[in-house]
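>>> Sequence plus the predicted model coming up.
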Amino acid sequence: MFDIKIVNGKEVFLIGRFDASQMEKAYKILDMIKEDCIVDFKELQYISSAGLGTLIKTYSRLKNTGNSIKLINMNKHIYEVFKISALDKVFFLDIE
């Protein structure tokens, strides 16, 4: 199960398991973000490389318009995925 919600046009909440089968749903929601945003990982249990790719695409799009993306409340397991893939050097991360 996966869900993604936007609050106030700039707070994104990821819930469940974010894998390739959820990319289309995530793209639709994340493409609505037009300014600096915060992505809350508190209720995310898993992210695949496809999920990482979706976030990288969003990061690039926002950066090209002078905006940013901050990832917060990341559990240690998901943080390790970002660290191993060197994405901890790209994104601003806040772990639990």
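Perfect, thanks for sending it. Numbering: from 1, shown residues only.
>>> which residues in this structure form helices?
23-30, 49-64, 76-84 (DSSP state H).
>>> mind checking which of these is nearest residue 13?
helix 23-30 (10.1 Å; C-beta to C-beta). Where C-beta positions appear, they are placed from N, C-alpha and C, glycine not excepted.
>>> can you tell me which residues contact residue 46?
Residues counted as contacts of residue 46 (C-beta atoms under 8 Å, 6 or more residues apart in numbering) are 16, 17, 18, 19, 78.
>>> How about stretch 87-96, which residues are buried there?
Under the neighbour-count criterion of 16 or more other C-beta atoms under 10 Å, stretch 87-96 has 87, 88, 91, 93, 95 buried.
>>> Now tabulate the residues you listed in CSV and tack on pLDDT and distance to residue 42.
Output for those, formatted as CSV (pLDDT from 0 to 100; distance: C-beta to C-beta, whole Å):
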residue, pLDDT, distance to residue 42
87, 96, 18
88, 94, 18
91, 94, 16
93, 89, 13
95, 78, 11
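>>> ok, of these, which one's closest to residue 35?
Out of the buried residues of stretch 87-96, the member with the shortest distance to residue 35 (by C-beta to C-beta) is residue 91, at 16.7 Å.
>>> That closest one is in contact with residue 60, isn't it?
No: look at residue 91 against residue 60 with C-beta atoms under 8 Å: they stay out of range, at 11.4 Å.
>>> Let me see the confidence value for the residue sitting nearest the centre point of the chain.
For the chain, residue 55 is the residue whose C-alpha lies nearest the centre (C-alpha atoms, centre = their mean; 4.7 Å). Residue 55 is assigned 97 on the pLDDT scale.
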